[in-house]
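Chemist: let me see the structure of the following:
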Amino acid sequence: MSQAQQIAPSSRPLRAWQRSALARYLASAPRDFLAVATPGAGKTAFALRVAAELLADRVINAVTVVTPTEHLKHQWSGAAAQVGIAIDPDFRNSTGGTSSDYTGIAVTYAGVAAHPLLHRARTENRRMLVILDEVHHAGDARSWGDAVKEAFDPATRRLTLTGTPFRSDDNPIPFVDYLPDAEGALRSRADHAYGYAEALADGVVRPVVFMAYSGVSSWRTSAGEEITARLGEPMTAEQTARAWRTALDPGGEWIPAVLTAADKRLTGHRAGGMPDAGGLVIATDQTTARAYAAILTDVTGTPPVVVLSDEQGASARIARFSESDDRWMVAVRMVSEGVDVPRLAVGVYATSASTPLFFAQAVGRFVRSRRQGETASVFVPSVPVLLGLASELEAQRDHVLGKPHRADEQWDDELLAQAQRQEDEPGEDEKAFTALGAEAELDQLIYEGRSFSADEEDYLGLPGLLEPEQVRTLLSQRQKDWMSRSQRAQAAAPPPPPAPPAERPQLSVREQLGALRKELNTLVALHHHRTNKPHGMIHNELRKLCGGPPTAMASIEQLEERIATLRSWR
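Modeler: Here you go, the predicted structure:
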């Protein structure tokens with residue numbers, strides 16, 4: 001009797017959504033089935049239960065798992081072994097086969113695209129279940145989609161999975177059904193969907209508090225002009241991109257300040273009920289990842305684990321970090337999708353990637369709940385696109401052919417990349433600007449789509465174990481206390497007459513500007529909570545009324561005028 005015939009369905013208990021999806025699958029016995037479930041919900045366990053049922057009923061006798069990365073092949077193999085299904089994660093196209101002791105193989109989308117006819121032959125010769133993990137990758141490039149279609153068209157069953165928003169483009173994803181929506185666009189149809197809001201209500205995922213940090217960034221253009229701007233204020237896409245990248249520069253003050261705050265928050269998680277809580281910094285590239293690791297070493301006194309790419313040994317380093325109680329890991333993109341490190345509780349989104357897909361994947365690393373009451377904290381730059389994505393965390397998205405998710409297409413990752421290059425001298429690929437420095441300050445918190453304001457220290461020490469309702473109540477109370485203090489300070493009696501010149505403290509221009517900017521930002525936050533208008537919109541209205549440049553470049557007189565104007569709005 002073959003190994004496939006010996007396998008019985010796993011007795012591992014399923015969550016409610018998994019039971020519902022499994023019942024729907026078994027009742028309809030579909031050839032194709034698309035399950036969309038939020039990161040951390042347990043898509044792998046659901047898919048392996050389907051595989052076990054089909055193997056036990058002899059509907060299939062082999063399994064092929066297709067993943068985006070090498071690391072995920074091994075993660076799937078390990079999970080399958082726990083339920084009695086032997087999956088070979090080391091299968092290579094050059095070999096073309098594997099031991100008969102295996103029930104199936106795990107390959108990457110790139111591996112399938114490299115030799116689709118090989119995988120088609122394997123599929124034709126077996127009663128095959130194909131599991132396409134994070135299936136949106138089959139729409140990354142037409143060649144990948146064509147290869148997946150060619151290789152697995154003869155499959156007995158196909159189970160497609162995703163936990164993140166689909167890309168919007170003109171490449172249909174193989175084996176996914178599309179139906180016209182109310183506007184006539186073709187929209188993907190999930191056979192079973194389980195969103196973040198549902199998972200949060202069920203206690204399957206953690207509540208996530210986003211801590212958005214603003215601050216003043218300064219850079220020099222290729223023409224020698226020095227520009228200063230504040231993250232979060234209205235400006236062009238190019239200016240925002242450069243202010244954002246300047247903030248992420250490891251040579252400035254923004255990253256060290258945010259990493260220090262994130263480490264304090266991690267200490268709060270560990271002291272407040274999550275003793276093994278870990279942190280992850282997601283960097284843009286290998287050079288900055290190494291630089292961030294050096295800064296974390298200075299902050300914590302201990303070098304973090306560094307995972308630079310999908311390279312040899314990376315999976316082992318992630319596994320060791322997952323099983324240890326080390327504080328921090330720094331990675332580029334490979335830890336943004338599918339990688340399972342359940343103890344991650346604090347994240348620093350230190351990358352300029354801005355697509356809904358990548359953001360959701362990154363946040364998904366922190367939401368997996370191990371026990372009741374665990375929370376997560378994710379530190380992000382205070383730029384409009386990220387604040388919008390943080391506010392829409394609970395939104396469910398489908399794949400819409402030819403229609404972008406965001407009406408404002410200026411936030412394309414390619415545009416952000418172009419902003420870093422020299423565009424006025426064709427043929428040269430050098431930086432169009434030089435980062436001069438950036439400061440960091442807590443701008444706002446986002447939870448369940450709401451914005452909260454308070455002093456930084458009020459939040460860095462929040463307990464690590466709180467139910468969603470407790471998080472909401474605590475944030476509201478902290479904000480109420482902060483607003484009460486701020487309003488009392490604003491309503492205080494006018495200061496006494498100025499002291500004689502000889503006794504008057506002499507503040508530098510920098511100190512005066514800093515104090516006025518802080519006062520203006522506090523008033524903007526108060527006005528935001530009275531009107532629900534975004535911070536950036538309030539700053540923009542003030543500039544239209546009072547004139548002058550953005551806050552970061554405004555003079556003392558201009559800042560005083562905006563403060564007086566904003567006070568008159570109450």
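Chemist: list the buried residues of stretch 172-181.
Modeler: Neighbour-count burial for stretch 172-181, counted by 16 or more other C-beta atoms under 10 Å, picks out 172-176, 178. From N, CA and C alone the C-beta is placed, and that goes for glycine too.
Chemist: I'd like the residues you listed laid out as CSV, including pLDDT, secondary structure and distance to residue 523.
Modeler: Listed next are the buried residues of stretch 172-181 as CSV, based on pLDDT from 0 to 100; DSSP: H, G, I helix; E, B strand; the rest coil; distance: C-beta to C-beta, whole Å:
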residue, pLDDT, secondary structure, distance to residue 523
172, 83, coil, 50
173, 88, coil, 48
174, 91, coil, 54
175, 93, coil, 54
176, 90, coil, 49
178, 87, strand, 49
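Chemist: what's whichever strand or helix holds residue 25 in contact with?
Modeler: According to DSSP states H and E, residue 25 maps onto helix 16-28. Here helix 16-28 makes contact (C-beta atoms under 8 Å, 6 or more residues apart in numbering) with 14, 33, 35, 37, 41-42, 45-46, 49-50, 53, 191-192, 194, 198-199, 202, 204.
Chemist: mind redoing it with 7 Å?
Modeler: Here helix 16-28 makes contact (C-beta atoms under 7 Å, 6 or more residues apart in numbering) with 14, 33, 35, 37, 41-42, 45-46, 49-50, 53, 191-192, 194, 202.
Chemist: for stretch 210-225, same thing?
Modeler: 226-232, 242-243, 246-247, 254, 258, 377-382, 387, 390, 422, 432-446, 459, 552.
Chemist: restricted to strands, list these.
Modeler: Among the contacts of stretch 210-225, DSSP state E puts 226-230, 377-381, 433-438, 441-446 in strands.
Chemist: report the buried members of the residues you listed.
Modeler: Among these, those classed as buried by 16+ other C-beta under 10 Å are 227-230, 377-381, 433, 435-438, 441-446.
Chemist: pretty sure residue 325 contacts residue 274?
Modeler: No - contact status for residue 325 versus residue 274: not in contact, 10.6 Å apart, counting by C-beta atoms under 7 Å.
Chemist: so these two - more neighbours on which side?
Modeler: Between residue 325 and residue 274, counting by other C-beta atoms under 10 Å, residue 274 is the more crowded of the two (23 against 11).
Chemist: can I assume that one is in contact with residue 345?
Modeler: Yes - the pair residue 274 and residue 345 qualifies as a contact (C-beta under 7 Å) at a distance of 5.7 Å.
Chemist: what touches both of these two?
Modeler: 374, 464.
Chemist: for stretch 100-112, which positions count as buried?
Modeler: Buried, per 16+ other C-beta under 10 Å, within stretch 100-112: 102-112.
Chemist: and if you look at stretch 458-472?
Modeler: Neighbour-count burial for stretch 458-472 [16+ other C-beta under 10 Å]: 458-460, 462-464, 466, 468, 471-472.
Chemist: please flag which of those sit within helices.
Modeler: Among the buried residues of stretch 458-472, DSSP state H puts 458-460, 468, 471-472 in helices.
Chemist: now those as CSV including pLDDT and distance to residue 558?
Modeler: Below are those laid out as CSV (pLDDT from 0 to 100; distance: C-beta to C-beta, whole Å):
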residue, pLDDT, distance to residue 558
458, 80, 30
459, 84, 31
460, 86, 33
468, 86, 42
471, 88, 39
472, 86, 38
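Chemist: tell me which two of these sit farthest apart.
Modeler: The most widely separated members of these, counting by C-beta to C-beta, are 460 and 468 (20.0 Å).
Chemist: picking up where we left off before, which members of the contacts of helix 16-28 are classed as buried?
Modeler: Neighbour counting by 16+ other C-beta under 10 Å classes 14, 33, 35, 37, 41-42, 45-46, 49-50, 53, 191-192, 194 among the contacts of helix 16-28 as buried.
Chemist: could I get the residues you listed as TSV with distance to residue 135?
Modeler: Formatted as TSV, these follow (distance: C-beta to C-beta, whole Å):
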residue	distance to residue 135
14	21
33	11
35	10
37	12
41	16
42	17
45	17
46	14
49	18
50	15
53	20
191	12
192	14
194	16
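Chemist: could you dump the residues you listed to a markdown table with secondary structure?
Modeler: A markdown table is the format used below for the buried ones among the contacts of helix 16-28 (DSSP: H, G, I helix; E, B strand; the rest coil):
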| residue | secondary structure |
| --- | --- |
| 14 | coil |
| 33 | strand |
| 35 | strand |
| 37 | strand |
| 41 | coil |
| 42 | coil |
| 45 | helix |
| 46 | helix |
| 49 | helix |
| 50 | helix |
| 53 | helix |
| 191 | coil |
| 192 | strand |
| 194 | strand |
